[in-house]
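Participant: Here is a sequence together with a model predicted from it:
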Amino acid sequence: MKYKDPLKQILEQTCWYWDHDGVPLHVRTAFRKVLQCRTPALGAEVFGSENGELIVYHT
């Protein structure tokens, strides 16, 4: 896959543009949740067996 999480990359690179009081709070909250997607911040499911463990982060 050429680009991994392109929306996250765009939001990270343009944080200066949208993360201030001039942007509605609900928009900033939604964008921050996108940035937390697939990270421990939103929690995860842990699957285990005798062969190992798999952690699947919430989106």
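Facilitator: Happy to help now that I have it.
Participant: all helices for the protein, in order.
Facilitator: 6-13, 15-18, 25-36 (DSSP state H).
Participant: okay, now residue 7: neighbour count?
Facilitator: Residue 7: 12 surrounding residues under other C-beta atoms under 10 Å. Every residue, glycine included, has its C-beta placed from N, CA and C.
Participant: Let me know the pLDDT of residue 59.
Facilitator: Looking at residue 59, its pLDDT stands at 85.
Participant: I'd like the distance from it to residue 16, if you could.
Facilitator: As defined by C-beta to C-beta, to the nearest Å, residue 59 lies at a distance of 25 Å from residue 16.
Participant: Tell me which of these two has more neighbours.
Facilitator: residue 59 (10 against 7).
Participant: Isn't that one up against residue 37?
Facilitator: Yes - here residue 59 reaches residue 37: they are 5.1 Å apart, a contact under C-beta atoms under 8 Å.
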